[in-house]
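J.: Okay, structure incoming, though there's no sequence with it:
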């Protein structure tokens, strides 16, 4: 081994970093070369001195200085750091808070009634309204339909005496419901407590003649019929026409459980249909939830009620009676009959829930 | 085999192994928020960190400042200390970075001063290497204070060589720890360390 190479390997040799065979050759060279042996000895001694170099004592103020700096730093922690640090704690917390807010918002939205505003009725209802194209379709476009004025006039003429009877019936119902005051909800539920009076054929009313809330809700305040929000004008209380693109109410969508039945009635029999179904359900010991009304037109006398959806819960034993009597009120088209595949589940055991769709022929 | 041959294995940071267990307990105590835990960590490691800084910077005031910065940084980051190396190794790695930054700041400041001096034409003195002239090892031979001679020799090494020699031969870092601390490949660490040692050995020739 040459002396130059020996010098290059000196550190590795002293660190024990040479392979076995090379180390033996290196040691052999050191035995034969006093110059390299002297170098090795000097470096070994240098390393020994370095390893035994004592640590210098830190000045007594070091710890105090560190404490002071930490204190200063704590005082000057910016607000954003206090808000967002330490990240490994605050990020999951904030993420959880955001998720909770979303869940709450979703829950609230789910419990809310259908949003008002421009909307399109479901395809089924649209199809139903298209059958007699002239009045409803024209009204939908904001144009007076041919014969609409005559119809409105007829309705006005027939309305007054029938309205009085209808209002009287409603007062009785409202008084029953007012026994237990409750917060008014978009879907009024009427419990069967006493036998309901026999159904009265309702009058055909123009929009301007229908008491506010009559078509869709019955107020129980004070046991009299009054608009759900008395301060509003009747025109405002009337359901707004829907346009294309509006999201459907939950009740207007297919029911997640229970059965569905569609009843078609003549235009003249349409008004008061809900009340008759309600009375039928109450008589059979059931419960009714009333949902949105599809209407068209905006001017007085031009409103045409196209369809309404109700949820009727009747005891399973009265199911056949309910369907039979419902059939007498109008026509249940074949596609409207509850199918065999419908789930026969109710909201509670022993009951059957029907989503009843009322359609004008 | 030569009886004077060195141990086959490189001494593996004996101080680190010795203090690893109590240090771990101190770190745990600090994480649990026990009062006094951080003070105990500082007291345990302050001499070592301060010595390293003094050797690297050849200035006690700067060394104190940097040592305090090291512990402040440790205070901020101890929650992220994963214990892959011993606490003293971790602290010395922080100290290495801080010292190198300080040395670079000094060099930049010195360069600015030289440029300004040249422009003004008042001073044509050249850049002086670290360490005072009267502390040159060959001048200290007469005093025979080996420790001082050695410190002076270390101070006259360039900063990279100084860092490698101190970390390896004074603090007992392994080659791997060195490569990790300095951020250079293992082979480069070995060759640079050898050159640094040989330079130091030449400076110490009068006494060794």
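T.: Looks like it came in fine. Just so we're clear, the structure is a prediction, and the values are computed from it rather than from any experiment.

J.: and the residue of the stretch 101-250 of chain A found nearest chain B, what element?
T.: Residue nearest to chain B within the stretch 101-250 of chain A (C-beta to the nearest C-beta): residue A:101, separated by 29.5 Å. Bear in mind the C-beta positions are built from the backbone N, C-alpha and C, glycine included. Using DSSP states H and E, residue A:101 maps to helix A:87-111.

J.: Quick one: mean pLDDT over that helix.
T.: The average pLDDT within helix A:87-111 is 87.

J.: ok, now stretch B:176-188?
T.: Rounded mean pLDDT across stretch B:176-188 is 91.

J.: neighbours of the residue of the stretch 101-250 of chain A closest to chain B, just the number please.
T.: Residues lying near residue A:101 (other C-beta atoms under 10 Å in any protein chain shown) number 10.

J.: What of the one 4 residues further on?
T.: Close neighbours of residue A:105, defined as other C-beta under 10 Å, add up to 10.

J.: which residues touch it?
T.: By C-beta atoms under 8 Å, 6 or more residues apart in numbering or on different chains, the contact list for residue A:105 is empty.

J.: For it, give its distance to residue A:92.
T.: Between residue A:105 and residue A:92 the computed distance is 20 Å (C-beta to C-beta, to the nearest Å).

J.: what do you get for residue B:180?
T.: Counting by C-beta to C-beta - residue B:180 and residue A:92 are separated by 32 Å.

J.: Out of those two, name the residue with the larger neighbour count.
T.: residue B:180 (17 against 10).

J.: List the contacts of the host helix or strand of that one.
T.: Using DSSP H and E, residue B:180 falls within helix B:175-182. Residues from elsewhere that reach helix B:175-182 (C-beta under 8 Å, 6+ apart): A:15, A:17, B:10, B:13, B:85, B:89, B:92-93, B:96, B:160, B:163-164, B:167-168, B:173, B:185-186, B:188-190, B:193.

J.: Looking at the residues you listed, which are in strands?
T.: Using DSSP state E, no member of these sits in strands.

J.: Emit the ChimeraX select command for whichever of those are buried.
T.: Restricted to buried positions by 16 or more other C-beta atoms under 10 Å in any protein chain shown, the ChimeraX selection for these reads:
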select /A:15,17 /B:10,13,85,89,92,93,96,160,163,164,167,168,173,189,190,193
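
J.: What are the structural domain limits within chain B?
T.: B:14-127, B:132-208 (automatic domain parsing).

J.: Those: which one's closest to residue A:29?
T.: domain B:132-208 (17.1 Å; C-beta to C-beta).

J.: any idea how far the closest one is from the chain center?
T.: Relative to the centre of its chain, domain B:132-208 is centred 10 Å away, using C-alpha atoms, centre = their mean, to the nearest Å.

J.: and what of stretch B:54-73?
T.: Averaging C-alpha positions (C-alpha atoms, centre = their mean) puts stretch B:54-73 10 Å from its chain's average.

J.: lowest confidence element among the helices and strands of chain B?
T.: Lowest by mean pLDDT, DSSP states H and E among the helices and strands of chain B is helix B:137-140, with a mean of 55.

J.: Which strands and helices lie in contact with the next helix or strand after that one?
T.: Remark: after helix B:137-140, the chain's next helix or strand is helix B:146-155, criterion DSSP H and E. Contact here means 3 or more C-beta pairs under 8 Å, 6 or more residues apart in numbering or on different chains; DSSP states H and E; on that basis helix B:146-155 packs against helix A:34-51, helix B:37-57, helix B:137-140, helix B:159-165, helix B:186-203.

J.: Point out the most buried one among the domains of chain B.
T.: Among these, ranked by average contacts under mean count of other C-beta atoms under 10 Å in any protein chain shown, first place goes to domain B:132-208 (a mean of 18).

J.: Go ahead and flag the most central residue of chain B.
T.: The centre of chain B sits closest to residue B:52, judged by C-alpha atoms, centre = their mean, with a distance of 4.0 Å.

J.: So residue A:325 versus chain B, what's the distance?
T.: Using C-beta to the nearest C-beta, to the nearest Å, we find residue A:325 at a distance of 74 Å from chain B.

J.: Same question for residue A:41.
T.: Residue A:41 sits 8 Å away from chain B, taking C-beta to the nearest C-beta as the criterion.

J.: How about residue A:310?
T.: From residue A:310 to chain B the distance is 62 Å (C-beta to the nearest C-beta).

J.: What residues does the stretch 151-300 of chain A have near chain B?
T.: Residues of the stretch 151-300 of chain A lying close to chain B (C-beta under 8 Å from any C-beta of the partner chain): none.
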